[in-house]
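Participant: Using only what follows, build the 3D model:
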Amino acid sequence: MRADLLALTAADLAALTNPGTVKRARRELDEAEVTGTVHESPAGEVSVIWSDGPRCEVPAGATLVRGSCTCAALALCRHLIRAVLQYQFQHHSTTAVAVDAAPVPLPSGPWNPGDITDPQLKALYDPRGQAFSHIKALYNKGILAEVVRSSKPTVRLHQPAAVVRFMVPHDARYTHCDCADPSPCKHVPLAVWAFRLLPPHQPFGVVNTGGRAAPVPAEVLDEVAALTVELAEAGFSGATQQWADRLTRLEVRLRAEGLTWPADAVGELIEQRQRYANNDALFAPDRVAEVVGELLVRRAAIANDTGELPQQLIRGTGQEGVGNLGKCRLLGLGTGVTVGRHEVELVTYLIDTETGGVAVISKEFADPKPETKQEPKTFPELARHVAAKGETFAALGGGELLTDGGKRTVAGRLTFTRVNLSVKPQDFKWEALKPPVAVDTFAEVAARLAALPPAALRPRRAAEDFHVLPVAAVTDAGFDVPSQTVRATLTDSAGGVAHLRHPFTTRGRTGAERLLAALADSTTVLKFVAGPVRRRASGGLLVSPVCCAFEKDGARFAVQPWIDGAKDEAKGGGERVAAEPVVSPIHEVFRQLHAETEEVFLVGLRRAGPDVAKRWRELHRRAESVGLTRVGELIGSVAEGLDLRAHVVRWDSAPTAGVLLELCALARLARDVG
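Facilitator: Below is the predicted model:
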């Protein structure tokens, strides 16, 4: 029995060829367009003679890619893919009939690629071992990796950058890497050695062999502190051009020090400063408070390195940069919406079918000013705006995109200029999607999130916590009135549980109604949910869907709950009115704290009026009433400083600014862990 051929899933076969080839091979067998006769020798040679003429052969001891076919194709052809599917069916059925009843088998459970020995690895490279020695030297320089032990183990290397997936248990020949080198590439041994560093009882972990800690760039970190204190004191309304110029120079210095993610945060702050200076309606004071909080959290973690977290996660590796896409095929995984105080951002998630990497296309839309008395556009109306090259956000979120170029920023945002781009509908057959975005079970995601630090201390990639979750069953689907959310409990094939939550809003009403109707339809089966995933404070996973793939009568369709328009068949089961959801008292304190911090970054402590001091005193009382003692003390200190300002001619605002910034950092962390 060829265990390697039996272990290959649809995603594995797509990685070895492409999804289109696998899809065509599957269809030809499902619709009985061809028949094949399988022969297997005692030594393990597998051959298949097809009714349409070709003969395929996989020699004993050889991998599938070393197989041969009598057709004219130079690469791995669909006939060889058909041979694998037919072979799998023959070994999992007592009757040689159509393949459509036989799912591609998965390995029995998690396994450890670290068990692959160095002699086995060395045999994959040149006989004299020169290439292997080079790889060992690369490892000795230090690696940083996220390691997932599962039925299809995966390693995400941060330094050097690559994602390696192991397809067949204990066989390093069957691997897929998103780099451009032929398999097995130099990243395979690095991935094996990374697995050896993961404790046996852990399904996921971050491993680091970086050696000596990187030096702390004290001078540039001091400049971060100085500029944020000045922002708190003067606000954007009082910030000078000299301050803005220093901020621009700070971004350059941070990048020169290899501090990619702090530099990216400063770049976002510069953009908000420019918007304010230009009276741009897209200026978002709420985003300013979030970015400043994150910048301060990263600064503290870099300046006070305890060794608990790899500094490359916090700082970046220094090797991140703008990348060129080249010719590629991207699948839309849905379009989500982020609602700010005065603006809305649409974000479409796209996965590269070859590498498995996810990037986004995004755009912000300013809401009408209150004095215009205009109603803001609904989310479906905004989704009909052009996202790239004449294609809308709605079309990209549910489509298949072909392009011959494009650029990807450090944070994973896509731009398409002077390139060809076409979009067509997709069939939402997401079984072939690649990890780490696609997972087999919820436990993989839960283990990853449990081992990682809060988002403010991780890479700032736009799709960092975005996953595609396979769903085996749905229970408790319905509408929760107090929280104004569409809710459901999801179960995977291993019995793992995740909770789906989607907010009901006036502007996104039709999409929420469509999601609720699809979940309530007994003839419709939810197959996949795509969206950001986080851990709940009370335990378990919480997924915020941007796209749900359903199946009905053998056909797949998708619901994008943020942006879908009305459908005649989408009856939501009663009238619903968007209302303010019930928020816990603790969350309400942090929400008000965030709002007051926004106001300070806008007007500055030095120009804050008596009404600002009054609101901080009220916030202090509310924090103490819900038991937030430490936070309450800090809020009270800010309130006292603002009261003192009214009675002192030469008030020193620096101490109050320092406390305010500490609160800003705490509020950012609370957002990540709450």
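Participant: Going by C-alpha atoms from here, please, whenever you check contacts or count neighbours.
Facilitator: Fine.
Participant: Show me what whatever helix or strand residue 518 lives in is packed up against.
Facilitator: Taking DSSP states H and E as the definition, residue 518 sits inside helix 509-520. Secondary structure elements in contact with helix 509-520, counted by 3 or more C-alpha pairs under 8 Å, 6 or more residues apart in numbering; DSSP states H and E, are strand 473-480, strand 485-491, strand 555-559.
Participant: Ok, which of the ones you listed comes nearest residue 18?
Facilitator: With C-alpha to C-alpha as the criterion, residue 18 lies closest to strand 555-559 of those, at 20.3 Å.
Participant: averaged over its residues, what pLDDT does the closest one have?
Facilitator: Across strand 555-559, the average pLDDT comes to 96.
Participant: just to revisit the earlier point, hmm, who's touching the helix or strand that the helix holding residue 518 is followed by?
Facilitator: Counting by DSSP H and E, the next helix or strand C-terminal to helix 509-520 is strand 525-535. The contact list for strand 525-535 (C-alpha atoms under 8 Å, 6 or more residues apart in numbering) reads 333-334, 430, 446, 449-450, 463, 465-474, 519, 541-552, 673.
Participant: Out of those, name the ones that lie in strands.
Facilitator: Among the contacts of strand 525-535, DSSP state E puts 333-334, 466-470, 473-474, 541-543, 547-552 in strands.
Participant: Give me the sheet partners of the worst-scoring helix or strand of the chain on mean pLDDT and which way each runs.
Facilitator: Least confident helix or strand of the chain, by mean pLDDT, DSSP states H and E, is strand 323-324 with a mean of 80. Strand pairing for strand 323-324, using DSSP bridges, gives strand 407-408 (antiparallel).
Participant: and residue 521, how many neighbours?
Facilitator: Per other C-alpha atoms under 10 Å, the neighbour tally for residue 521 reads 11.
Participant: residues in contact with it?
Facilitator: For residue 521, the contact set (C-alpha under 8 Å, 6+ apart) is empty.
Participant: How about residue 610?
Facilitator: Residues in contact with residue 610 (C-alpha under 8 Å, 6+ apart) are 643, 646.
Participant: Go again with 10 Å.
Facilitator: Residue 610 is in contact with 642-643, 645-646, counting by C-alpha atoms under 10 Å, 6 or more residues apart in numbering.
Participant: tell me which residues of stretch 16-32 are tucked away?
Facilitator: The neighbour-count check on stretch 16-32 (16 or more other C-alpha atoms under 10 Å) flags 16-19, 21-23, 25-27, 29-30 as buried.
Participant: what about that stretch, average pLDDT?
Facilitator: Average pLDDT, stretch 16-32: 90.
Participant: just stretch 442-461 next, same as before
Facilitator: Averaged across stretch 442-461, the pLDDT comes to 90.
Participant: Number of residues surrounding the nearest residue in space to residue 542 that is not next to it in sequence?
Facilitator: Closest residue in space to residue 542, ignoring its immediate chain neighbours: residue 499 at 4.9 Å, by C-alpha to C-alpha, 6 or more residues apart in numbering. Number of residues near residue 499 (other C-alpha under 10 Å) recorded here: 20.
Participant: what about residue 320, distance to residue 484?
Facilitator: 40 Å (C-alpha to C-alpha, to the nearest Å).
Participant: For those two, indicate the residue with more neighbours.
Facilitator: A direct count of neighbours by other C-alpha under 10 Å for residue 320 and residue 484 places residue 484 higher, at 20 against 17.
Participant: Would you check that the more buried one makes contact with residue 505?
Facilitator: Yes: using C-alpha atoms under 10 Å, residue 484 is in contact with residue 505, at 8.1 Å.
Participant: what about the helix or strand encompassing residue 219, average pLDDT?
Facilitator: Secondary structure assignment for residue 219, by DSSP H and E: helix 218-238. The average pLDDT within helix 218-238 is 95.
Participant: Check stretch 391-398 too.
Facilitator: Here the average pLDDT along stretch 391-398 is 95.
Participant: Run the chain-centre distance for it.
Facilitator: Averaging C-alpha positions (C-alpha atoms, centre = their mean, to the nearest Å) puts stretch 391-398 19 Å from its chain's average.
Participant: and this structure, what are its domains?
Facilitator: For the chain, automatic domain parsing gives the domain ranges 3-101, 113-208, 220-312, 323-429, 442-559, 585-673.
Participant: residue ranges for the helices of the stretch 51-200 of the chain, please.
Facilitator: 78-91, 118-122, 130-140, 187-196 (DSSP state H, counting those that start in this stretch).
Participant: right, and those helices - which one's nearest residue 57?
Facilitator: Among these, helix 78-91 comes nearest to residue 57, with 7.8 Å by C-alpha to C-alpha.
Participant: Pull the distance from the closest one to the chain's centre.
Facilitator: Worked out by C-alpha atoms, centre = their mean, helix 78-91 lies 34 Å from the chain centre.
Participant: just to revisit the earlier point, dump the domains of the chain to JSON lines, plus distance to residue 576.
Facilitator: Shown next, in JSON lines, are those (distance: least, C-alpha to C-alpha, whole Å):
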{"stretch": "domain 3-101", "distance to residue 576": "41"}
{"stretch": "domain 113-208", "distance to residue 576": "42"}
{"stretch": "domain 220-312", "distance to residue 576": "29"}
{"stretch": "domain 323-429", "distance to residue 576": "16"}
{"stretch": "domain 442-559", "distance to residue 576": "9"}
{"stretch": "domain 585-673", "distance to residue 576": "24"}
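Participant: Can you measure across stretch 402-412, start residue to end residue?
Facilitator: So stretch 402-412: terminal residues 18 Å apart, C-alpha to C-alpha.
Participant: Please apply the same query to stretch 11-27.
Facilitator: End-to-end distance for stretch 11-27, by C-alpha to C-alpha: 16 Å.
Participant: picking that back up, just the buried ones from the ones in strands among the contacts of strand 525-535?
Facilitator: Using 16+ other C-alpha under 10 Å as the burial test, the ones in strands among the contacts of strand 525-535 include 333-334, 466-470, 474, 541-543, 547-551 as buried.
Participant: Sketch out the low-pLDDT regions of this protein for me.
Facilitator: Along the chain, segments meeting pLDDT under 70 span 93-108, 127-130, 211-213, 537, 566-575, 577-580, 582, 674.
Participant: picking that back up, can you redo the helices of the stretch 51-200 of the chain as a markdown table with mean neighbour count and distance to residue 305?
Facilitator: Output for the helices of the stretch 51-200 of the chain, formatted as a markdown table (neighbours: other C-alpha atoms under 10 Å; distance: least, C-alpha to C-alpha, whole Å):
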| stretch | mean neighbour count | distance to residue 305 |
| --- | --- | --- |
| helix 78-91 | 23 | 51 |
| helix 118-122 | 14 | 34 |
| helix 130-140 | 15 | 22 |
| helix 187-196 | 24 | 23 |
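Participant: Fine by me, thanks again.
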